[in-house]
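> 3D, please:
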Amino acid sequence: MSRIIMFINIVIIFCVFNISLIAQDIVEIIKEVQPAVVTVLCYDKDDRLVSQGTGFFINKEGHLITNHHVVKDAYRVEIQTYDSRKYFVPNIIGVDEDSDLISLEVSLLGETIHYLNITESIPSVGTRLLVIGSPLGLEQTVTEGIVSAKREIPKYGRIIQITAPISPGSSGSPVVTLNGDVVGVASLTRIGGQNLNFAIPSHEILSIPSIEPITMTEWYEIKRPRDIATREPEVRYNPLSILKGERVRITTDTEIYTGRVAEVHPNVIWMMDEYRIPAQVGLSSIKSIEIPKIKNRTSEGAVWGGIVGGILGIIAGIAIANEERSFAEEFNEEPEYEIAVVAGLAFFGLGIGLGMMAGQSSTYEVWEEIPSDRYLMPQSNVSLNLQYQF
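Numbers count the residues shown, from 1 in each chain. The predicted structure follows:
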């Protein structure tokens, strides 16, 4: 009997140990996945938030995956990363409207990009899964579930049914296994059901057709074609690209930004201050741009050196002249003051020279404004290819 009790205790301890290991694995996986997941914020032309979803990085180049329906009505898109920093999304680089997936290009301004591994295999029914996203704007929310079925749905084709809860704002969230591999993108939920949620299989990510990079503004125009003659011209080239990496001071309607130019896009500039905090500056809001110039104090040194040398020269000249007069009186000769004059001039010249040397080694910084015609250049109308079939 005692052996049976001992065996049962060993089994219980073994089970508890395994459960604790699994729980620990889930915690570690969440820690690895969360830095690669972002909140996607979409704005209209009036800068109002029109939609919100989730996205995740798939490589170190900053390629981001989310659902097509999240950004389809956006004029401008930002992402908010795990550490609550916001970054501008400059380009769309791939679109698959049938699979409801879109690939965006994002720069984190030199910061390390955490990304997730994509697996092409569809997990078996019963596989445990995690979904990390921003349901209802609640960033980095983690839910857990299993693969409950694999189905064929009209328009979407093969799709994964999951029990992990999702809500509006979860669209674009990575669905990952306990190995941390992405097996799907959370996209749909059945209204009126309970935990009837669906994810696009991850192999569709690898099949997103690539396109030439297109800005969100161009995307907005393509989705809403208008008479080209009435369109506002779009800035396609930013002359400030030559300042990338340089330290500048930009004055806008409301603020003054000082830092290095990290990224330059057609309509915006990304600045990075001394604390590596990014700031986005719209080209149209710029009032002035200044660049630092290092100057030395050579001329000021010469002036002050001349003054000091002149004073010392006068003092030395007077002292030498007095000595010369005393000597001449003692020997009943005419005094010669030339040596006093020469000594005075020598001190004056020496003062100027030393002052110039000191001035050259003493530098200071001044801000010089760039003429506005260097960055407020007239732009021609954009000719958009309206034949894109998304």
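> Kindly state the domain boundaries assigned to the protein.
128-204, 235-291+374-379, 298-361 (automatic domain parsing).
> out of these, deepest packed?
Mean neighbour counts were taken over the domains of the chain using mean count of other C-beta atoms under 10 Å, and the top value, a mean of 19, falls to domain 128-204. All C-beta atoms are positioned from the backbone trio N, CA, C, and that covers glycine.
> pLDDT averaged over it - what is it?
On average, the pLDDT along domain 128-204 is 89.
> Tell me which of the domains of the chain sits nearest to L49.
Checking the domains of the chain against L49 by C-beta to C-beta gives domain 128-204 as the closest, at 9.6 Å.
> Any idea how far apart the tips of that closest one sit?
According to C-alpha to C-alpha, to the nearest Å, domain 128-204 extends 21 Å from its N-terminal end residue to its C-terminal end residue.
> Renumber starting at 385 from here on
Sure thing, new numbering starts at 385, so read that last one as domain 512-588.
> what's the offset of that domain from the middle of its chain?
Centre-to-centre, domain 512-588 and its host chain are 29 Å apart (C-alpha atoms, centre = their mean, to the nearest Å).
> And what about A705, helix, strand or coil?
When states are read from DSSP: H, G, I helix; E, B strand; the rest coil, the local structure at A705 comes out as helix.
> Same list, the domains of the chain, but as TSV with distance to E412 please.
Listed next are those as TSV, based on distance: least, C-beta to C-beta, whole Å:
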stretch	distance to E412
domain 512-588	9
domain 619-675+758-763	28
domain 682-745	56
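> Look up the residues forming beta bridges with V531.
On DSSP bridges, the residues paired with V531 through beta bridges are I546.
> List the residues that contact it.
For V531, the contacting residues are P507, S508, V509, G510, T511, L513, I544, Q545, I546, taking C-beta atoms under 8 Å, 6 or more residues apart in numbering as the criterion.
> any idea how far I653 is from the residue nearest to V509 when sequence neighbours are not counted?
Closest residue to V509 apart from its sequence neighbours, by C-beta to C-beta, 6 or more residues apart in numbering: V531 at 5.2 Å. Relative to I653, V531 is positioned 45 Å away (criterion: C-beta to C-beta, to the nearest Å).
> cool, V567 as well?
Using C-beta to C-beta, V567 is found at 39 Å from I653.
> how about the helices of this protein, start to end?
386-417, 452-455, 600-607, 682-714, 722-745 (DSSP state H).
> By mean pLDDT, show me the worst of those helices.
Across the helices of the chain, the lowest-scoring stretch is helix 386-417, with a mean of 58.
> For the spatially closest residue to A420 that is not a sequence neighbour, which residues are in contact?
The shortest distance from A420 to any residue other than its chain neighbours is 4.3 Å, reached at H498 (C-beta to C-beta, 6+ apart). Contacts were defined as C-beta under 8 Å, 6+ apart; by that measure H498 touches P419, A420, F441, Y466.
> Mind doing that once more with 10 Å?
With contact taken as C-beta atoms under 10 Å, 6 or more residues apart in numbering, H498 is in contact with E416, V417, Q418, P419, A420, V421, F440, F441, K444, T465, Y466, L492.
> Settle this for me: D482 is touching G541, isn't it.
Yes. In this structure D482 lies within contact range of G541 using C-beta atoms under 10 Å: 8.1 Å.
> Touching both of those two, which residues are there?
Taking C-beta under 10 Å, 6+ apart as the contact criterion, the common neighbours of D482 and G541 are E588.
> Got the phi and psi for N579?
For N579, the backbone dihedrals (degrees, to the nearest 10) come out as phi 60, psi 40.
> OK, contacts around it?
The contact partners of N579, by C-beta under 10 Å, 6+ apart, come to T527, G529, S532, Q545, I546, T547, A548, P549, I550, T573.
> can you redo these as a markdown table with distance to S591?
Below are those laid out as a markdown table (distance: C-beta to C-beta, whole Å):
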| residue | distance to S591 |
| --- | --- |
| T527 | 27 |
| G529 | 25 |
| S532 | 24 |
| Q545 | 21 |
| I546 | 21 |
| T547 | 26 |
| A548 | 24 |
| P549 | 28 |
| I550 | 23 |
| T573 | 24 |
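> Would you check which pair of these lies furthest apart?
Maximum pairwise distance in the contacts of N579, criterion C-beta to C-beta, is 14.7 Å, between T527 and Q545.
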